[in-house]
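# coordinates for the following, if possible.
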Amino acid sequence: MKYLSNQRGGKPLIITVITLVIIFLISAVAIVYFTIKDQNIEFSEEEIAEATKVVESELDKAYAVAKEYPFEKRFEAIQSIGYREPKEGEYAIFTFEKEYDEDDEYYVILKMKPHAQFENLSVVTVAIFDKKNGALIVEKQNVLKWEKQENQS
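Numbers count the residues shown, from 1 in each chain. Okay, the predicted model is just below:
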């Protein structure tokens, strides 16, 4: 019987637990809502085709500068084709944001990470997002081979 009644006051503990449960439930509902919201967005074949052209064009540009720049200057190379300075993410993944005009239809992100086995290779992922709702339209990945030496003759 001694343990059933709390002499110090059990109400603050109960209120804290109920508050935490409510916060958890609100967070869970928000996660489910935004996950379902993104899944319901559909794009026409024309929009997907146009976004695919943009992705391929960006990968072609990255491939072209990889031939000209050494691995050590890879950030400068990506910036030279219109991307902003990178933001470092987890596990040495660098995210570049494409500079764009207000009337552009797409938002372009380029992610670059070092290849797991080869020093002068980078794995590059280009993703195209719709500017209206931020949904991913197309994403493609490729490997870039950088020049091995900075001073090649």
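# avg pLDDT for whichever strand or helix holds residue 24?
Using DSSP states H and E, residue 24 sits in helix 11-39. Confidence for helix 11-39, expressed as mean pLDDT, is 85.
# tell me where the model's unsure across this structure.
Under the criterion pLDDT under 70, the flagged ranges of the chain are 1-10, 37-40, 88-91, 148-153.
# mind running it again at 50?
1-2, 152-153 (pLDDT under 50).
# residue contacts, the nearest residue to residue 104 once chain neighbours are set aside?
Spatial nearest neighbour of residue 104, chain neighbours left out: residue 131 (7.0 Å); criterion: CB to CB, 6 or more residues apart in numbering. Heads up, the C-betas are built off the backbone N, CA and C, glycines and all. Counting by CB atoms under 8 Å, 6 or more residues apart in numbering, residue 131 touches 104, 105, 106, 107.
# for the third one, give me its contacts.
Contacts of residue 106 were listed using CB under 8 Å, 6+ apart, and they are 51, 54, 100, 128, 129, 130, 131, 137.
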